[in-house]
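Student: The following comprises the amino acid sequence and a computationally predicted model.
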Amino acid sequence: MRIIKPSWLSHRGEHKDFEVYSCHVSPDGKRLATAGGDGHVRVWSTESVYNAHDRSYSKPRQLCHMSHHLGTIHSVRFSPNGRYLASGADDKIICIYQLESGPPTIASFGTNEPPPVENWKTSRRLVGHENDVQDLAWSYDGSILVSVGLDSKIVIWSGHTFEKLKVLSGHQSHVKGITFDPANKFFATASDDRTIKIFRFTSPAANATQHDMVNNFQLETTISAPFKSSPLTTYFRRCSWSPDGNHIAAANAVNGPVSSVAIIERSRWDSEINLIGHEGPTEVCMFSPRLFHTEKPPEHGGLTNGHSAGSLVTVIASAGQDKTLSIWNTNSSRPVVILQDLAAKSIADLAWTPDGQTLFAASLDGGIICTTFETGELGWVANLEETDKALSKYGASRKAMGIAEDVDGLLLENHAKEGERRGAESRMGALMGDHHAVSKDLAAPAAPAANGVKTGTATPNNAPTPNGQLESEASKEPEKEPEKAPEPAQETADTAVKRVNELKARVTIGKDGKKRVAPMLISSSGTGQSSLPQTQLVGASATKAAQNDAPQTILDLSKPYDGLPEGGLASMLLGNKRKAAALDEDDEEHTGRRSTTAPRAIVRNGVDGLESASVEPPRHGVVPTPEFLRPAVLNPSIAISQVRLAVPKVRSHILRPLERGVLLDDTTLEEASKVPENIIMDAKNPVSIRDPSHITVSKRGAVLWQDFLPRAVILVTGSKNFWAAGCEDGTIYTWTPAGRRLINAMVLESQPVILECRDWWLLCVTAVGMCHVWNIKTLSSPHPPISLAPVLEIAIHSLQPHAAMPAPGVTSAHLNSNGHIVVTLTNGDGFYYSPDMHSWQKLSEAWWAVGSQYWNSNDSSVGALQSSAVGPSTGTSKKSKDEEALVSAGIIPFLERHTTNEFLLKGRAYTLQRLIKALLSKDGFEAFESTVSIAHLENRIAGALQLSARDEFRLYLFMYAKRIGAEGLRGKVEELLNSLLGGVLQDKKVVESEQARGWFSKEGEICGWDRKELLKGVVMILGKYRELQRLTVQYARVLDLTLEDDENGDAMIVEA
């Protein structure tokens, strides 16, 4: 062992040496970065430190220095690829430096700094903390950078775009340490609230945004036992994760009254091991990045059975306020090395070199100490294969690290990597506002912007909003602004700006009578939102108490029959007991049976069973018209129907404005009239059940047309092509925009529950769960009425809302531009009805949300294709091929966002998450997470192919190719390439009797894409995986790909 402390290795000032708070060694081991109280980041040559004793050594010592902070720098960290250097300081800023290839700038005049040797430039300044930044850490794959600070926040930044992805506020006090799991599954943060919190994460994609991270970075557990009485005097609590992923070393722990370093075991997350020996609180502990053999391995270095995992140990260094550096290994209960009084003040940071044989320590006395160990002093460094083997049980692996077999394979690999690099740079340019030319591969489909606004030239028309989804917030919050649908492409920029300003200036009057500006919601278009008051279609919410108390002449069947007696659940369990105060003193005299003809008191279901209804005082003056007149008149036998959906109540007034062809939510006349061009459909129902209902359509206050219907209107919908209304007797009426009746009244089996239109398509879902779809233009239906029973799991569930296992309810039903039905449920599942296969297909479910690593991984790229929930509605008479391919864009991301909202955000995923967490620790389930993730991608691809979602199909296909290539699944790779080739390599003697479709068709296109273009993209993605190059090179030759480096750099940009 040798200790090196050069006098020049410091942050020297005019009068003193400044404190050095942090140090870190680059991944190649050639650079040492230090940060100090002078606000400078300095990069040193480690070679010059090792040769400090050699007077003849003349190479530069300091390679560069950066002074872009306004205060003390607390942490400095190299990225895993060595390309970036991050620093965090007490000016609340994080600076990202990038090593550039150009010549360095000359040192400023008047400074004593040596001229820089390397050109480190500040590429980003990240603002996200409200107080000092205390520590930084990169994930092992470089996909994210995490910063912690004195504002108690944990901020996650993208390691590619450096966009803020998420802010975690779980800690109650200053956060002073952060470390990452080498298996890339967790990270741990240490805080002055005397806890360590473990967060589970999935590495985000290069183009990920905040919206994609809704379900990422979840708290796994909180560890507090080793820190219950730990002192709050330490400047840092830098923790470290062992290279084999088994343990976390936590500084500033206590064991009784003694300071210690707590060793926390993975999975169990408890601390049974403590490293005791420091006389003062520890500030930093750091595992060596390599595993060590306790005995010298064979000379040839091969792995033998004699050197199994049992003979491998980890080495950890710890230091703190006692100015002592201790080095331990897991094979001994005592330290291997103790260096006392190594510095004059506390040791603030430690850094190992990548080979695990050299340790740097930074002290607050301004010194930087280098400790080098000879071979065998700490043990014998194990091969990296041993580390990979230890990490493989946690799902981490190093794939595609073999040797290329030929020159073509290397050229193809370089070609594929160049395409990915250019794709990432183009996305970065778009984020930074640079408008570079896009390659031909991406010019055809419109490229989505990161905030979900469509920027392409395709012509998406507006999707009408249905009134079928039951939404309680519509009645509870009348001041809430209805969500806006996407604007037509024909609208000019000036008109759009003017219209947005009008929307922003809308003034509404709340329940308290105060005026306020209503917010303009831009998160989605509101397609599929409802104007009805119930929370869901199964089990409508209760009406006001006064309405329940009043006797009614109509049987209220708006809620499914639950089979409970009078008095509800309390009556069934406890019985209907009379109150003691209600008994008369002479009650004993009247012991005879009460006459059956006597009047019966009006009662209601209360908390304790049946209760007497309260008497309302008589009303005087003008009585306001109630919002709900009465329940719809239903056949009583419907209450015990196998499929039973709640029927909307009859409202006194239904008003739906049509703004530029987009049907808005139910609103007031004052709100609807603010835009003069709005066409307003107004349906008024009479109080008396025998009077007709009145429908008027007006514009600028003038009535365009009117009509009378014999029964009360429940639902209305419309588009620029027609209007439609559904009545309580199960009839559907349609009119032209001028008011001419298009079709005779269509009589259905029960009352309409959902009524939605899109272009010329009309959808009606009835109370018994039958879905009817008509094309008003062709006067036809694409398929017979279909039942929602399979979707509602009617075979195993009861539709009673109070049952032990209630069935899911329908939250919305939509149409895409082809007239196909998309349904979402309260349990988060999303379904699509395939008219060709006559079956419901599940596109999204809770299983993928909990088990797949790709959940919420596509919203920034695919979900932004259309802000409309189910894609654009093409309204032009002449449709181009690209426009037709976009009809289903956004359906799968919409359904997956719905699953996230219904299942994850409402806390229903706890049981399934616990089940999967338990499975991951069992034998035979090591590949569970990977298998489910691949199956999720396959489910997405199949759904996009069924829906003809062109752009989503391409994106999911490339994501799938990248994953199966990384997993080395040769069978699936070969099958995918062969399928994309379209049967060219199949036996030509086989003659198929039926025309194949999809993957098995002989056509040159699949899902609107040229097969060869897709095959080329897949080959470019798989080209960098060397174990698959025997396969990919053959297909590259079939496609006549030019594998030599292009002179113009026209590498294909792949967004996988």
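Tutor: Nice, thanks for sending it over.
Student: roughly how far out does whichever strand or helix holds Cys64 sit from the chain middle?
Tutor: Cys64 belongs to strand 62-66 when elements are defined using DSSP states H and E. With Cα atoms, centre = their mean, to the nearest Å as the basis, strand 62-66 stands 40 Å off its chain's centre.
Student: just stretch 962-974 next, same as before
Tutor: A distance of 25 Å separates the centroid of the chain from that of stretch 962-974, by Cα atoms, centre = their mean.
Student: What of stretch 247-263?
Tutor: Using Cα atoms, centre = their mean, the distance from the centre of stretch 247-263 to the centre of the chain it belongs to is 36 Å.
Student: Could you tell me which residues within it count as buried?
Tutor: Residues 247-254, 259-263 are the ones in stretch 247-263 that count as buried (16 or more other Cβ atoms under 10 Å). C-beta coordinates here come from the backbone N, C-alpha and C atoms, glycine included.
Student: From those residues, pick the one nearest Thr353.
Tutor: Ala249 (18.3 Å; Cβ to Cβ).
Student: Now do the SS call for that closest one.
Tutor: Per DSSP: H, G, I helix; E, B strand; the rest coil, the local secondary structure of Ala249 is strand.
Student: does Val765 have beta-bridge partners, and which?
Tutor: Val765 has these beta-bridge partners by DSSP bridges: Ile754, Cys771.
Student: Val261 too?
Tutor: Here Val261, judged by DSSP bridges, has bridge partners Leu275.
Student: residues in contact with it?
Tutor: By Cβ atoms under 8 Å, 6 or more residues apart in numbering, the contact list for Val261 reads Ala249, Ala250, Ala251, Ala253, Asn274, Leu275, His278, Thr282, Cys285, Ile316, Ser318.
Student: Which pLDDT value belongs to it?
Tutor: Reported pLDDT at Val261 in the predicted model: 91.
Student: Which strands and helices lie in contact with the longest helix anywhere in the chain?
Tutor: Looking across the chain with DSSP state H, the single longest helix is helix 407-431. Other elements packing on helix 407-431 under the criterion 3 or more Cβ pairs under 8 Å, 6 or more residues apart in numbering; DSSP states H and E are helix 1011-1022, helix 1029-1038.
Student: tilt between it and helix 1029-1038?
Tutor: Using axes from the mean of the first three to the mean of the last three Cα atoms, to 10 degrees, the inter-axis angle of helix 407-431 relative to helix 1029-1038 is 80 degrees.
Student: Using PDB, write out the CA atom coordinates for stretch 953-970.
Tutor: The C-alpha trace of stretch 953-970 is given here as PDB (Å, rounded to 0.1, in the frame of the first residue of the first chain):
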ATOM      1  CA  PHE A 953     -47.300  -0.500 -35.500                       C
ATOM      2  CA  ARG A 954     -43.900   0.700 -36.700                       C
ATOM      3  CA  LEU A 955     -42.800   2.100 -33.300                       C
ATOM      4  CA  TYR A 956     -43.900  -1.000 -31.400                       C
ATOM      5  CA  LEU A 957     -42.300  -3.300 -34.000                       C
ATOM      6  CA  PHE A 958     -38.900  -1.500 -33.600                       C
ATOM      7  CA  MET A 959     -39.200  -1.600 -29.800                       C
ATOM      8  CA  TYR A 960     -39.900  -5.300 -30.000                       C
ATOM      9  CA  ALA A 961     -37.000  -5.900 -32.300                       C
ATOM     10  CA  LYS A 962     -34.600  -4.100 -30.000                       C
ATOM     11  CA  ARG A 963     -35.800  -6.100 -26.900                       C
ATOM     12  CA  ILE A 964     -35.700  -9.500 -28.500                       C
ATOM     13  CA  GLY A 965     -32.300  -8.600 -30.000                       C
ATOM     14  CA  ALA A 966     -31.000  -7.600 -26.500                       C
ATOM     15  CA  GLU A 967     -32.400 -10.800 -25.000                       C
ATOM     16  CA  GLY A 968     -30.700 -12.900 -27.700                       C
ATOM     17  CA  LEU A 969     -34.000 -14.700 -28.600                       C
ATOM     18  CA  ARG A 970     -32.700 -16.100 -31.900                       C
END
